[in-house]
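> Sequence and predicted model, in that order:
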Amino acid sequence: MFELQEGHRIMERAIRQFCEKEIAPHVEKMESGELLPYDLMRKMADAFGIRKMGKELLEKALAKAEEGGEGKEGKAKTRFGVPVSEEALDPMIMAVVGKELCRVSPSFALAFAASIGLCGQTIMAKGTVEQKRQYGIPVVTLDKVGCWGLTEPEAGSDAFALRTIARPKDNGYVLNGSKIFITNAPYADVFVIYAKIDRGDEAKADKRRIYPFVMERGIQGLSTSPPMKKMGMCGSPTGEIFLEDVFVTADQLLGGEEKTSRDQAKEVLASERTGAPFMCWGIIERCLDDCIKFAIERKQFGKSLAEFQLIQEKIAKMFVQLENVKNLAFKQAWLQKNRKGTLEEFCAAKYYCSAAAVEVGLEAIQLMGGYGYMKEYHVEMLMRDAKLIQIGGGTSEIQILNIAKELFRKAGKEISLAG
Ligand SMILES: Cc1cc2nc3c(=O)[nH]c(=O)nc-3n(C[C@H](O)[C@H](O)[C@H](O)COP(=O)(O)OP(=O)(O)OC[C@H]3O[C@@H](n4cnc5c(N)ncnc54)[C@H](O)[C@@H]3O)c2cc1C
């Protein structure tokens with residue numbers, strides 16, 4: 001349970017090779033916004049044969065669903081609606097991919113995960129065959145860039161207090177509102193937007209009536225901001241989405257109106273949370289590798305830094321953090337695979353790993369001194385990127401509140417995040 005199996009190691013080596021050869025040389029340009037990450041994502045998926053194979057499998061699965069034939073595949077386990085083998089469902093494979101991407105560029109990993117994970121997963125999980133074919137397949141096979149819009153200027157941690165309203169009209173809905181901090185929004189082709197359906201005054205205050213709508217760039221009334229300037233994750237464009245009287249047809253409501261999608265949005269947030277330990281693992285592992293190399297090569301007072309005990313302490317403590325984060329990552333993959341795990345376990349893992357990644361990033365800069373502070377040295381970017389993991393997908397404070405809420409609930413006392 002606590003070590004990579006042969007299949008994981010093969011994947012680790014292959015992805016590392018790809019990242020070093022194909023992604024690393026472009027990180028600087030992605031960070032400055034000169035180069036967008038999307039063509040590189042397609043290149044990566046092509047290199048591993050995922051796009052062609054994925055498209056064929058998805059088309060087959062949809063054709064089967066259209067025929068109404070459940071068949072063997074209908075009962076099989078699926079990922080993005082595609083029947084897949086047990087091995088392909090192994091969360092450790094995705095963990096290794098995420099970890100390796102984050103060693104080189106956490107922002108590349110973020111843009112990738114927001115498109116095929118947050119956006120693609122929502123469409124493939126909730127959509128009809130037609131919605132999957134029109135919007136889902138192009139996103140999960142990377143032909144199109146997707147984004148997932150829940151957060152609003154006035155609704156962040158309190159996400160379900162969102163104000164984007166969908167008013168029923170002429171066999172469809174008219175959407176008004178705005179979204180903020182949305183990964184990929186400035187360049188996305190496909191948008192999943194959460195809105196509250198307003199059928200009357202009482203619905204306005206009802207946090208349960210939250211639904212995802214899917215739409216494409218070019219629809220009248222939808223616009224996006226240029227990429228926002230930010231501290232880290234600079235290779236992943238983040239932006240605002242504005243909706244002014246956007247008319248969508250009823251079939252652009254994912255999953256229909258009967259069942260509220262609040263729980264589904266929570267599931268997506270939960271899956272975002274579960275990615276955190278894998279990302280932090282990559283960031284910490286790379287910081288440690290770079291620091292060991294630097295400490296051996298850099299000489300001060302006639303000796304290499306590695307010979308100073310204060311430097312040894314930093315390296316040893318980074319290793320302790322790495323061990324803890326790796327153990328949590330392995331546990332999380334095991335919990336996911338076995339469909340186990342509690343909310344407090346997942347929140348605790350995100351909370352701990354993101355704090356460890358920030359701490360290690362800062363220590364790595366300190367260990368390298370002035371060099372660590374320079375952009376030329378990778379640890380500076382890793383530290384800034386790590387900070388986002390304490391904010392996105394639920395802040396550290398919200399993880400702590402969730403943990404306490406669950407522990408008290410299990411002891412028979414209900415408490416609320418609203419204090
Ligand atoms: C780079 C980036 C990418 C993102 N990508 C996406 C995306 O693709 N899609 C999307 O929908 N969203 C996205 N987000 C939004 C992200 O999920 C939110 O920023 C996050 O949930 C926090 O919301 P907020 O920024 O409004 O902070 P707020 O909720 O305003 O919080 C401000 C501070 O108050 C604290 N706080 C809030 N409530 C409480 C409380 N009850 N008790 C104690 N403290 C509290 C918070 O922990 C935080 O420290 C992204 C954000 C960033 C920065």
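Yes, it's here.
> Which residue does the stretch 151-300 of the chain have closest to the ligand?
G156 (1.7 Å; Cβ to the nearest ligand atom). (Glycine included, C-beta is placed from N, CA and C.)
> What are the neighbouring residues in contact with that residue?
Counting by Cβ atoms under 8 Å, 6 or more residues apart in numbering, G156 touches F181.
> mind checking the backbone torsions on it?
Main-chain torsions, G156, degrees, to the nearest 10: phi -110, psi -90.
> which residues in the stretch 251-400 of the chain form strands?
Assigned by DSSP state E, counting those that start in this stretch, the strands in the stretch 251-400 of the chain fall at 299-300, 303-304.
> Check those for me and report the most buried one.
Of all the strands of the stretch 251-400 of the chain, strand 303-304 carries the top mean neighbour count, a mean of 12, counting by mean count of other Cβ atoms under 10 Å.
> hmm, who's touching it?
With contact meaning Cβ under 8 Å, 6+ apart, strand 303-304 is reached by A295, I296, E297, R298.
> again, only using 6 Å
I296 (Cβ atoms under 6 Å, 6 or more residues apart in numbering).
> Okay, now the sheet partners of it, with direction.
strand 299-300 (antiparallel) (DSSP bridges).
> Could I get the average pLDDT for the partner strand?
Mean pLDDT, strand 299-300: 98.
> swap in stretch 330-339?
Across stretch 330-339, pLDDT averages out at 90.
> so how far is it off the chain centroid?
Offset of stretch 330-339 from its chain centre (Cα atoms, centre = their mean, to the nearest Å): 17 Å.
> What are the contacting residues of it?
Against stretch 330-339 from outside (Cβ under 6 Å, 6+ apart): M1, F2, P91, M92, A95, T274, P277, G341, A349.
> switch the cut-off to 10 Å
1-4, 8, 86, 89-96, 271, 273-278, 281, 340-342, 345-346, 349-350, 353 (Cβ atoms under 10 Å, 6 or more residues apart in numbering).
> Make a PyMOL selection of the buried ones in those residues.
Command for PyMOL that selects the buried part of these, burial taken from 16 or more other Cβ atoms under 10 Å:
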select buried, resi 8+90+91+92+93+94+95+96+271+273+274+275+276+277+278+281+341+346+349+350+353
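> filter the contacts of stretch 330-339 down to the ones close to the ligand.
Applying Cβ under 6 Å from any ligand atom, the subset of the contacts of stretch 330-339 adjacent to the ligand is empty.
> Let me know whether S32 touches P227 as I believe.
No. Contact between S32 and P227 fails when scored by Cβ atoms under 10 Å: they sit 11.2 Å apart.
> Are there residues contacting both of those two? Which ones?
C234.
> Give me the more crowded residue out of these two.
Using other Cβ atoms under 10 Å, the more surrounded residue of S32 and P227 is P227, with 17 against 11.
> what's the closest non-adjacent residue to the more buried one?
P237 (4.1 Å; Cβ to Cβ, 6 or more residues apart in numbering).
> hang on, that neighbour packs against G33?
Yes. Proximity of P237 to G33 meets the contact threshold set by Cβ under 10 Å, at 7.5 Å.
> what do those two both touch?
P186, P226, P227.
> Grab the nearest non-local neighbour of the first one.
In other words, P186. G239 (4.0 Å).
> In three-state terms, how would that neighbour be classified?
strand (DSSP: H, G, I helix; E, B strand; the rest coil).
> before we move on, back to that, narrow the shared contacts of P237 and G33 to those in helices?
Cross-referencing these against helices under DSSP state H gives no overlap.
> just to revisit the earlier point, tell me which of P237 and G33 has more neighbours.
Higher neighbour count among P237 and G33: P237, with 29 against 14, using other Cβ under 10 Å.
> residues contacting the more buried one?
Neighbours of P237 in contact, by Cβ under 10 Å, 6+ apart: 30, 33, 36-38, 107, 111, 114, 145, 147, 182-188, 224-228, 230.
> give me that answer again for 8 Å
G33, L36, A111, T183, N184, A185, P186, Y187, P227.
> give the contact list for E56.
No residues are in contact with E56 under the rule Cβ under 8 Å, 6+ apart.
> That one and Y38: what is the separation?
E56 is 22 Å from Y38, where distance means Cβ to Cβ, to the nearest Å.
> residues from the stretch 301-419 of the chain in reach of the ligand?
Contact residues (Cβ under 6 Å from any ligand atom) of the stretch 301-419 of the chain with the ligand: L388, I391, G392, G393, G394, T395, E397, I398, L401, L417, G419.
> which of those are buried?
Here, 16+ other Cβ under 10 Å leaves L388, I391, G392, G393, G394, T395, I398, L401 buried among those.
> Now the fourth one, what are its backbone angles?
Spelled out, it's G393. phi 70, psi 20.
> Check what pLDDT it gets.
93.
> any idea what sits nearest I182, other than its immediate chain neighbours?
Spatial nearest neighbour of I182, excluding adjacent residues (Cβ to Cβ, 6+ apart): G149 at 4.8 Å.
> nope, C102 is what I was after
By the measure of Cβ to Cβ, 6+ apart, the closest residue to C102 outside its immediate chain neighbours is G282, 3.0 Å from it.
> per the record, what domains does this structure have?
Domain segmentation of the chain under automatic domain parsing yields 6-144, 148-261, 263-410.
> export the strands of the stretch 251-400 of the chain to CSV and tack on distance to D251?
Output for these, formatted as CSV (distance: least, Cβ to Cβ, whole Å):
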stretch, distance to D251
strand 299-300, 67
strand 303-304, 65
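> quick one: which of those is nearest V139?
Each of those has some distance to V139 by Cβ to Cβ; the shortest is strand 303-304, at 49.2 Å.
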